[in-house]
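Participant: Kindly return the folded structure for what I paste below:
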Amino acid sequence: MFRKISFSLIYTILSIILVFSFLEVSLRHLSPKEISWVPLVNKFGTFASYRKTGYKAKQKYAGIPYTIEIDENNLRNFKNIPYKKPKNTIRILSLGDSLFEGPGLEKNELFSYFLNRELENNISDVNFEVINGAANGSFLLDYYLYLKNEGHKFLPDIVLIPWSKYDFDEKALNFINFNSIRFQKTGTKNIRVDLEGLKVEPPKSFIKLLMTKLNESYVYGLFSKNSQLLEKFRYRLNNLYKDRKREESNVKTLQKKIIKNLNSSKETIKKVSIFFNNEHLGDLSKDSQNISPIILNLIFKSTVDIIQKFGAQLIIIEMPDDEEALGVQTFRIPTDFFSQLDAKRLNLIQKTAEFQKRNIIPLYIPGDFHWTPAGSYLTAILTFNYLVENVLPPNISKQTRPIDLKNIKFVQKIRSANERILKYKDWSQYLLYLKANSLRNQRKYNQAILIFEKYLEISKNDYYAHYKLGLIYFRKKYFAKAENHFLKVAESSKRLKLKSLFKLGQTYDELEKYSKAIKTFKELIKECENLNITSSYEAYNALGLAYRDLNDFENAEISFKKATKMNPKSISYWQNLGNLYFDNKKFRQSILAYKNLINLDSTNVKILTITGLAYLQMYEVKSAKEMFEKVLQIQPTNKMARAILSQLTNQTAQ
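Facilitator: Next comes the predicted model:
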């Protein structure tokens, strides 16, 4: 009996090994991929997992080999940095996600290494230690939790937190709760919401626990290093964890309740004021119902509070992605998002784009939001310059000059940082792409067209290249060619769909294909609504222009009104609405629209002039004279205003 059971057990084990081996071989043959397993630990109460202490291994990222080595504090530092800070030392804690953790980079190519090196080489009166506190998958809530539970132990003097367009994510609300949420009516049309007891914590789940235990297992790790099947298994587990149904946080419930109150037909609620511990955070209204910016701002404030407790300064680094570095404008955080924070801001978007415009050097791995060594080094230099000019004490900064990035010596240093990685990939196509971008940004459009077309012969499905070539054709008024490229992008690229739909609609409008333009802008608005993007006012304004060109007054009016309601500070939206009324001889409505314009820009001569003309059409001579007199106060040589005033004065005299 025992012998029979033993044989059955051996047979089962062998069968499992055989099936596993067959699947492993099949996967490697049909879908070969790099294996990027690293043992992880959930040690600091964060959402992102940090690397296991003492781990060291050779890995590949995007075909580029590198060595990953983890120190005693679970960080990928270029040297071991203990909690205790030496005397006469300024410590900088650099947080971040995988971009700063540095896949594909050696430890002497990390942002933290380059920044530390420049500080040490250029400043002699004090020592510096730059700590790389980045972890793959980190975001704002991780920075808050890491500083609260671990980062404060290093006693940093400066904390760097990167912020990119990908961090403006409403999913963060799923993990934020409050101990108490109280609603209180403060008038017939106002509601006050009091929040108390902020709670940020990763949700507990069996899948997360299983992933943690597997990562901590030595035996699993032994097999995982070389197994694509286990890599696939981890990937599926991770997706299950991300996609699972979560219990709704009370912030999400609060959002729904606020929207319900603002949109109620029974009572008219005009304003909902949000308070945390009696501090006013912001207001919501029918025109602005999204609580996400307010709550995310609270997380930033709470992060600042932690940082200030150990006497450090926060610097928020606004990061470009790989396309913004090439001069492509994308969605950015509203400029007032950080206005209430006691923090400094370093905007690297324009500075990086300016450097890339002048220099054809790969700063990012092609098609990837991760730095090459040159990108890491450039960011470190820009950060060094900001620290010298805005942060470091005067006795240090006065003796130190910022690095001149127009100096060929430093440009060559940045270029040579890429020497190691250039031998592992064929960079010729990407360099062609960078050259075309550089020519486009220098407005050398004919040359840029030739190189983009040459590049697209090789890389037919590079939708960014199609989009940029479409932009050039649009600028040069080759609208039929622009249409082909924008249409291709809109149909095939999720990441560029919104931008390409907008430009495609504008192209149809220029081609006088008004029905197609209207259909495209409506599709864009629907896509924005599906993605919960509240900034679709540009689409409504463009839709209004298309309806106007089609002589559809009613729908043009509706569209412009929606645009002005969603963004009441836009001069062009009010001007389009006012001009629509003026052209259709609805002068009373045009004056109301122009008055909104004057409130935004009281010195705009064109607006004052057309308002005066609208008053004349209404035979309101006194108001018209006031407008033209204002024009002459601003622009005394304005012939039109002077002639009209002279004529009105003569008529009054007669």
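
Participant: Can you list the low-confidence ranges for the stretch 351-500 of the chain?
Facilitator: 397 (pLDDT under 70).

Participant: Okay, strands next: where are they in it?
Facilitator: Taking DSSP state E, counting those that start in this stretch as the criterion, the stretch 351-500 of the chain contains no strands.

Participant: Let me see the ranges of the helices in it.
Facilitator: 373-386, 394-397, 408-416, 419-422, 428-441, 445-458, 463-475, 479-492, 497-510 (DSSP state H, counting those that start in this stretch).

Participant: Can you say which of the ones you listed is packed in most?
Facilitator: With neighbours defined by mean count of other CB atoms under 10 Å, none of these is more surrounded on average than helix 373-386, at a mean of 24. Heads up, the C-betas are built off the backbone N, CA and C, glycines and all.

Participant: Run through who's touching that helix.
Facilitator: Outside helix 373-386, the residues that touch it by CB atoms under 8 Å, 6 or more residues apart in numbering are 102, 105-106, 109-111, 114-115, 117-119, 122, 160, 315, 317, 325, 346, 348, 351-352, 355, 361-364, 371, 402-403, 405, 410, 413-415, 417-418, 420-421.

Participant: Lys309 contacts His152, doesn't it?
Facilitator: Yes - the criterion here is CB atoms under 8 Å, and Lys309 meets it with His152 at 7.4 Å.

Participant: More neighbours: these two, which one.
Facilitator: More crowded of Lys309 and His152, by other CB atoms under 10 Å: His152, with 18 against 11.

Participant: tell me, how many neighbours does the residue lying closest to the more buried one once chain neighbours are set aside end up with?
Facilitator: Nearest residue to His152 in three dimensions, chain neighbours excluded: Phe310, at 5.2 Å (CB to CB, 6 or more residues apart in numbering). If you count neighbours by other CB under 10 Å, Phe310 ends up with 15.

Participant: Would you check that Phe310 makes contact with Phe154?
Facilitator: No - in this structure, Phe310 is not within contact of Phe154 by CB under 8 Å, at 9.0 Å.

Participant: from the chain's centre, how far out does whichever strand or helix holds Gly578 sit?
Facilitator: Assessed by DSSP states H and E, Gly578 sits inside helix 571-583. In terms of CA atoms, centre = their mean, to the nearest Å, the centre of helix 571-583 is found 32 Å from the chain centre.

Participant: Show me how to select, in ChimeraX, the buried members of the contacts of helix 373-386.
Facilitator: ChimeraX command restricting the contacts of helix 373-386 to the buried ones, with burial defined by 16 or more other CB atoms under 10 Å:
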select :102,105,106,109,110,111,114,115,117,118,119,122,160,315,317,325,346,348,351,352,355,361,362,363,364,371,403,405,414,415,417,418,420,421
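
Participant: Next, work out how far apart the residue nearest to His152 and Val391 are.
Facilitator: Separation of Phe310 from Val391 (CB to CB, to the nearest Å): 17 Å.

Participant: follow-up on the earlier one: and the helix holding Gly578, which residues are buried?
Facilitator: For helix 571-583, burial by neighbour count (16+ other CB under 10 Å) applies to 573-582.

Participant: So what angle separates the directions of the very next helix or strand once past that helix and helix 571-583?
Facilitator: Later in the chain than helix 571-583, the nearest helix or strand by DSSP H and E is helix 587-600. Helix 587-600 runs at 160 degrees relative to helix 571-583, counting by axes from the mean of the first three to the mean of the last three CA atoms, to 10 degrees.

Participant: Show me what helix 587-600 is in contact with.
Facilitator: 564, 568-569, 571, 574-575, 577-582, 604, 607-608, 610-611, 614-615, 617-618.

Participant: As CSV, could you dump the C-alpha coordinates of the next helix-or-strand element following that helix?
Facilitator: Per DSSP H and E, the first helix or strand lying C-terminal to helix 587-600 is helix 605-617. Extracted C-alpha coordinates of helix 605-617, given in CSV (Å, rounded to 0.1, in the frame of the first residue of the first chain):
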residue,chain,number,x,y,z
VAL,A,605,-8.5,97.6,-27.4
LYS,A,606,-10.3,95.1,-29.8
ILE,A,607,-12.8,94.1,-27.2
LEU,A,608,-13.5,97.6,-26.1
THR,A,609,-14.0,98.7,-29.8
ILE,A,610,-16.4,95.9,-30.7
THR,A,611,-18.4,96.5,-27.5
GLY,A,612,-18.6,100.1,-28.5
LEU,A,613,-19.9,99.1,-31.9
ALA,A,614,-22.5,96.8,-30.3
TYR,A,615,-23.7,99.7,-28.2
LEU,A,616,-24.0,101.8,-31.4
GLN,A,617,-26.2,99.2,-33.0
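
Participant: Which strands or helices does helix 605-617 pack on?
Facilitator: helix 571-583, helix 587-600, helix 621-634, helix 639-653 (3 or more CB pairs under 8 Å, 6 or more residues apart in numbering; DSSP states H and E).

Participant: Could you say which of the ones you listed is packed most deeply?
Facilitator: helix 571-583 (a mean of 20).

Participant: Sketch out the low-pLDDT regions of the stretch 1-150 of the chain for me.
Facilitator: Using pLDDT under 70, the stretch 1-150 of the chain drops low at 1-7, 11, 16-17, 19-39.

Participant: can you give me the helices in it?
Facilitator: Using DSSP H, counting those that start in this stretch, helices in the stretch 1-150 of the chain cover 2-30, 98-101, 111-122, 140-149.
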